[in-house]
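Engineer: Turn this into a structure:
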Amino acid sequence: QVPLVESGGGLVQAWGSLRLSCAASGRTFSSYAMGWFRQAPGKEREFVAAINWSGASTYYADSVKGRFTISRDNAKNTVYLQMNSLKPEDTAVYYCAASRDFGRVGVPQYDYWGQGTQVTVSS
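Structural biologist: Numbering: from 1, shown residues only. Below you'll find the model as predicted:
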């Protein structure tokens, strides 16, 4: 089990920034690749970004490339999502998730999920 808890969501104006955090429990965090997903009302959950176990490799959805940055601190059992130049279409509940394999973009390919944190971007 890898319990995950997201934080850092909130209301921000367009072109603003937010940093999301996802804290994990347990001693196996560093063995997992981590991902961020988001789900807007009435839409399916979609992939946003992923990072491998060491932090050396990252992968982004085209819609956020150049604006969002995923990172991790294994000493703190935490993964981050820095979101810059936010747009109203970024409004969604953001979830972090853990996977045994890096580069996965499908929801079923992740084994553990947090409860989500709401991000709302006003125009």
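Engineer: any idea how far stretch 56-63 is from the chain center?
Structural biologist: 11 Å (CA atoms, centre = their mean, to the nearest Å).
Engineer: okay, which residue is most central for this protein?
Structural biologist: Of all residues in the chain, the one closest to the mean position by CA atoms, centre = their mean is residue 36, 2.4 Å from it.
Engineer: Skipping adjacent residues, who's closest to that one in space?
Structural biologist: With CB to CB, 6 or more residues apart in numbering as the criterion, residue 36 has its nearest non-adjacent residue at 4.3 Å, and that residue is residue 48. Quick note: C-beta positions are derived from backbone N, CA and C, even for glycine.
Engineer: need the contact list for the one you found.
Structural biologist: Residues in contact with residue 48 (CB atoms under 8 Å, 6 or more residues apart in numbering) are 35-38, 60-61, 64, 68, 81, 94.
Engineer: Please name the residues that touch the residue nearest to the centre of the chain.
Structural biologist: When contacts are counted by CB under 8 Å, 6+ apart, residue 36 touches 20, 22, 48-50, 68, 70, 79, 81, 94-97.
Engineer: ok, then the element right after the helix or strand where it lies?
Structural biologist: Taking DSSP states H and E as the criterion, the element that holds residue 36 is strand 33-39. The first helix or strand that comes after strand 33-39 along the chain, using DSSP H and E, is strand 46-51.
Engineer: what's the distance between that following strand and the middle of its chain?
Structural biologist: For strand 46-51, the separation from the chain centroid amounts to 6 Å (computed by CA atoms, centre = their mean).
Engineer: Quick one: mean pLDDT for the helix or strand just after that strand?
Structural biologist: With elements assigned by DSSP H and E, the helix or strand that comes after strand 46-51 is strand 58-60. For strand 58-60, the mean pLDDT works out to 97.
Engineer: Strand 58-60 pairs with which strands?
Structural biologist: Partners of strand 58-60 in the sheet, by DSSP bridges, are strand 46-51 (antiparallel).
Engineer: ok, and residue 103, which helix or strand is that part of?
Structural biologist: Assessed by DSSP H and E, residue 103 sits outside every helix and strand.
Engineer: for it, what are its contacts?
Structural biologist: Contacts for residue 103 (CB under 8 Å, 6+ apart) come out as 33, 50, 52, 57, 59.
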